[in-house]
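> Predicted model follows, preceded by the sequence.
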Amino acid sequence: MTTGAGAGTTTSGAREQSRAGEGTDGGTHAGAGTDTCGGTGADAAGTDPGDGRNARPPEAGPQAATAGPARGRRPAAREPDAPADRLPYATAGRQATAAGLTSATACLLSAGRQSDAVPETDLDALLSSAVPGPDGPGARLSLAVREPGTGRAAALHGDRPFVAASVMKVHILVALLLRAQGALGDPPRALTGREQAWAAAMIERSDNDAANALWEAAGGEAGMRTACHRLGLTRTEPHPAGRWGLSTTTATDQLRLLRAVYEPGPGGGLTPSARARVRELMRRVVPAQRWGVTAAAPAGAASATAVPEVKNGWLPRTATGLWVINSVGRVTVDGRAWLLAVLSDGHATREAGVAAVEDAARAAVRALTRREGPREGSRREDRGAARDRRRAGRPPDPAAGAGGAG
């Protein structure tokens, strides 16, 4: 048993059904405290279901959270939040755009230094042709990316809804901070010491008991919806029963949320101190949970002022055993900052999902960095290497282990 910062206890090892949803977000962390995202190895192992108060399903055993169905086998049933359509990835840019990128075109933004930016249609084509698709007949992936310095942005299937899993914790924190500063109609107040400890545990270690407490402190579902309205998150649906991990969101909404943290604008959003608080906690996420969009930054390239900032979510669905793998954050590549949101589901294993998210993040930044776009030969090589990594089940971090869920 591990104990969260003033937030109760969680049970390690097996999948739990809870307010976060079915299953758990997996991972490990070094050091003391709670890692409710369970893993293996020397670090504390646990689960990140979102709430240890509900009973574990009787059929769930220690292997249920990690096994998943055999590769290539379709699940017996799909979740209602996963549309049956499967659009192509990493095909010729023109074909992919015609097949399913109408919504991506609507999400494509271009502002700032227009003289330095690739034309909008080129950004769309670059992204659609460069990002490798996930393996598996039921796997889906969505991505949104933005360079704050220039306003260059694009999205791939950006308006598709996905289960949020633990990336919802950034939304919970932002809603709490907006409420505390009086931006949601409540009198301004300072965060309590307990709320500050819960915020650190929720973001840095993905602690679910802390998330449960802060969901209530931020006003529950009503507070989340008010924050959505305030921030322009038109496609994010907080879960009505408080199972925040089963809230749904889109990559474009997650990018808007990141912009509220990293790109202050008019309209009375987060204060500078509130933005700094969110960034600091995302910068301090434990090493074993620093996979995902951080892969877009070259290894060892981060300076003291450019440490990647990230929050991930990982969740095996009860009905199918397939994994939801999400990652949002900010990275710096060659001195240029990028905001990234990658959402995905339908992965046979956690490792395959993490590899798909990391490959997509790397490919997106690489494509938008190269004004002329990647050469077709190099795209084929990149996609082949990505496929090989996923088939080999390569874990994203040697310290991360096999993982439970969170």
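Cool, the structure landed.

> in the stretch 201-350 of the chain, which spans are helices?
For the stretch 201-350 of the chain, applying DSSP state H, counting those that start in this stretch gives helices covering 208-217, 220-231, 251-262, 272-283, 350-369.

> Can you lay out those helices as CSV showing mean neighbour count, mean pLDDT and distance to H157?
For glycine as for every other residue, the C-beta is placed from the backbone atoms N, C-alpha and C. Listed next are the helices of the stretch 201-350 of the chain as CSV, based on neighbours: other CB atoms under 10 Å; pLDDT from 0 to 100; distance: least, CB to CB, whole Å:
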stretch, mean neighbour count, mean pLDDT, distance to H157
helix 208-217, 26, 98, 27
helix 220-231, 19, 96, 20
helix 251-262, 25, 96, 7
helix 272-283, 17, 97, 24
helix 350-369, 26, 93, 11
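
> CSV for these, including distance to I172?
CSV is the format used below for these (distance: least, CB to CB, whole Å):
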stretch, distance to I172
helix 208-217, 5
helix 220-231, 7
helix 251-262, 11
helix 272-283, 11
helix 350-369, 21
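
> between these, which gets nearest to G292?
Smallest distance to G292 across the helices of the stretch 201-350 of the chain (CB to CB): 5.5 Å, for helix 350-369.

> Which strands and helices lie in contact with the closest one?
Counting contacts by 3 or more CB pairs under 8 Å, 6 or more residues apart in numbering; DSSP states H and E, helix 350-369 is packed against helix 120-130, strand 140-147, strand 152-156, strand 309-316, strand 323-333, strand 336-347, helix 376-391.

> ok and it relative to strand 336-347, angle-wise?
140 degrees (axes from the mean of the first three to the mean of the last three CA atoms, to 10 degrees).

> so which of the helices of the stretch 201-350 of the chain comes closest to L127?
That would be helix 350-369 among the helices of the stretch 201-350 of the chain, by CB to CB, at 5.9 Å.

> pull the CA atoms of that closest one into CSV?
Provided in CSV are the C-alpha atoms of helix 350-369 (Å, rounded to 0.1, in the frame of the first residue of the first chain):
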residue,chain,number,x,y,z
ARG,A,350,1.3,-0.3,-23.1
GLU,A,351,4.8,-0.4,-24.7
ALA,A,352,3.4,-0.3,-28.2
GLY,A,353,1.2,2.7,-27.4
VAL,A,354,4.1,4.6,-25.8
ALA,A,355,6.3,3.9,-28.8
ALA,A,356,3.6,5.1,-31.2
VAL,A,357,3.1,8.3,-29.3
GLU,A,358,6.8,9.0,-29.1
ASP,A,359,7.3,8.2,-32.8
ALA,A,360,4.5,10.6,-33.7
ALA,A,361,5.8,13.4,-31.6
ARG,A,362,9.3,13.1,-33.1
ALA,A,363,8.0,13.0,-36.6
ALA,A,364,5.7,16.0,-36.2
VAL,A,365,8.4,18.3,-34.8
ARG,A,366,10.9,17.0,-37.5
ALA,A,367,8.4,17.7,-40.3
LEU,A,368,7.5,21.2,-39.1
THR,A,369,11.2,22.0,-38.5
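
> Select, out of the helices of the stretch 201-350 of the chain, the one closest to V324.
Among the helices of the stretch 201-350 of the chain, helix 350-369 comes nearest to V324, with 7.6 Å by CB to CB.

> quick one: the closest one to strand 323-333, angle?
Interaxial angle, helix 350-369 versus strand 323-333 (the same axes, to 10 degrees): 30 degrees.

> circling back: mind telling me which of the helices and strands packed on helix 350-369 the model trusts least?
Within those, confidence is poorest for helix 376-391, with a mean of 47 (mean pLDDT).

> Could you point out which of the helices of the stretch 201-350 of the chain sits nearest L176?
That would be helix 208-217 among the helices of the stretch 201-350 of the chain, by CB to CB, at 5.4 Å.

> Just the C-alpha atoms of that closest one, please, in PDB.
Output of helix 208-217 as PDB, limited to C-alpha atoms (Å, rounded to 0.1, in the frame of the first residue of the first chain):
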ATOM      1  CA  ASN A 208      -5.200   9.500  -8.200                       C
ATOM      2  CA  ASP A 209      -6.300  10.100  -4.600                       C
ATOM      3  CA  ALA A 210      -4.900  13.700  -5.000                       C
ATOM      4  CA  ALA A 211      -6.800  14.100  -8.300                       C
ATOM      5  CA  ASN A 212     -10.000  12.900  -6.600                       C
ATOM      6  CA  ALA A 213      -9.600  15.600  -3.900                       C
ATOM      7  CA  LEU A 214      -8.700  18.400  -6.300                       C
ATOM      8  CA  TRP A 215     -11.600  17.500  -8.700                       C
ATOM      9  CA  GLU A 216     -13.900  18.300  -5.800                       C
ATOM     10  CA  ALA A 217     -11.900  21.300  -4.700                       C
END
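
> Lovely, talk soon.
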